[in-house]
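Colleague: sequence and computational prediction follow.
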Amino acid sequence: MQVDLYSEEDILRGCKKKKRQYQEILYRKYAKKMYGICLSYAGNRDMAQDILQDAFVKIFKKIADFKMEGSLEGWMSRIVSNTAIDHLRKQTREHKYITDKEEVREEIFEPDVIEKMKAEDVLNLVAKLPDGARMIFNLYALEGYTHKEIAVKLNIAEGTSKSQFNRARKMLMSLLSKHSA
């Protein structure tokens, strides 16, 4: 089945009519990108697969609500990231954050090390962050939420969001310096 033969409007129309063929086309077209989002939150492939599955179930249930305002991919990304956050919330009520006791030093690394890395390598480094810090890092750095929005979304203080983001960034820089060594 060649996904590129169908316009986004055709795919949406078919999905809104709950036609399985069009749901499969939508899945094939966007699953890889959405899986990347899942993996950035989950930290491991099995959990990312579970999140992806749950997210597409939600997407197919809510597809009739999509009004063609904005991009379909953006709308789906929001559902995927919200599903990932919900999944992590259910998994543990107390998110693991980077504490003051864990000294995180900002390391110096060669700037071109990132350019030489594969996306999978970067995701593996992000996966090493504690769950709570990884969620905040993803929401701020990848999804574009403000610290105020993150605080509301995760029911934490805005200062916690800011400090966890900075600690996560420092931890990633430390991991990058070890990767480039």
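Modeller: Noted; the coordinates are in hand.

Colleague: quick one: buried residues of stretch 118-127?
Modeller: If you call a residue buried by 16 or more other CB atoms under 10 Å, then stretch 118-127 has these buried ones: 122, 123, 124, 125, 126, 127. Bear in mind the C-beta positions are built from the backbone N, C-alpha and C, glycine included.

Colleague: any chance of those residues in a markdown table, with secondary structure and distance to residue 167 too?
Modeller: Listed next are the buried residues of stretch 118-127 as a markdown table, based on DSSP: H, G, I helix; E, B strand; the rest coil; distance: CB to CB, whole Å:
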| residue | secondary structure | distance to residue 167 |
| --- | --- | --- |
| 122 | helix | 18 |
| 123 | helix | 19 |
| 124 | helix | 19 |
| 125 | helix | 15 |
| 126 | helix | 14 |
| 127 | helix | 16 |
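
Colleague: wait, which of the residues you listed is closest to residue 18?
Modeller: The closest of those to residue 18 turns out to be residue 123 (CB to CB; 33.1 Å).

Colleague: per-residue confidence for that closest one?
Modeller: pLDDT for residue 123: 77.

Colleague: what about the residue nearest to it when sequence neighbours are not counted, distance to residue 46?
Modeller: Spatial nearest neighbour of residue 123, excluding adjacent residues (CB to CB, 6 or more residues apart in numbering): residue 39 at 5.4 Å. The gap separating residue 39 from residue 46 is 11 Å, by CB to CB, to the nearest Å.

Colleague: which one's more surrounded, those two?
Modeller: residue 39 (23 against 8; other CB atoms under 10 Å).

Colleague: packing partners of the helix or strand harbouring that one?
Modeller: Per DSSP states H and E: residue 39 is located in helix 20-42. If contacts are counted by 3 or more CB pairs under 8 Å, 6 or more residues apart in numbering; DSSP states H and E, helix 20-42 sits against helix 8-16, helix 45-62, helix 72-91, helix 119-127, helix 131-137.
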